[in-house]
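**Student:** structure of the sequence below:
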Amino acid sequence: ISNPKILTQKIKQTAGVLESGIFLRKPDVIYKASTNGKFQII
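**Tutor:** Have a look, this model is predicted:
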């Protein structure tokens, strides 16, 4: 997606659409879970 902000605005202008599901900012923290129940903070 070359310009997610504009795409989000266009999607939300569609009748009946409440959210786009596109994240516009980078996360502060990322958690990576493993199958053994442990996780790491990236």
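**Student:** assumed Lys10 was part of a helix.
**Tutor:** Yes: counting by DSSP: H, G, I helix; E, B strand; the rest coil, Lys10 is found in a helix.
**Student:** which residues are in contact with it?
**Tutor:** Shown in contact with Lys10 (C-beta atoms under 8 Å, 6 or more residues apart in numbering): no residues. In this view, the C-beta of every residue, glycine as well, is placed from N, C-alpha and C.
**Student:** if we use 10 Å, what do you get?
**Tutor:** Lys10 is in contact with Asn3, Val17, Ser20, counting by C-beta atoms under 10 Å, 6 or more residues apart in numbering.
**Student:** out of those, which are inside helices?
**Tutor:** Members of those lying in helices (criterion: DSSP state H): none.
**Student:** and of the residues you listed, the nearest to Ala33?
**Tutor:** Taking C-beta to C-beta as the measure, Ala33 lies nearest Ser20 of the contacts of Lys10, at 25.4 Å.
**Student:** let me know the pLDDT of the closest one.
**Tutor:** Model confidence at Ser20, expressed as pLDDT, equals 95.
**Student:** thought Lys26 was touching Ile42, still the case?
**Tutor:** No: using C-beta atoms under 10 Å, Ile42 is not in contact with Lys26; the gap is 12.0 Å.
**Student:** if we can go back for a sec, make JSON lines from the contacts of Lys10 and add distance to Thr35 to it.
**Tutor:** JSON lines is the format used below for the contacts of Lys10 (distance: C-beta to C-beta, whole Å):
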{"residue": "Asn3", "distance to Thr35": "37"}
{"residue": "Val17", "distance to Thr35": "35"}
{"residue": "Ser20", "distance to Thr35": "31"}
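**Student:** quick check: the gap between Ile42 and Ser34.
**Tutor:** With distances taken as C-beta to C-beta, to the nearest Å, Ile42 is found 12 Å from Ser34.
**Student:** next one: Phe23
**Tutor:** Distance from Phe23 to Ser34, by C-beta to C-beta: 23 Å.
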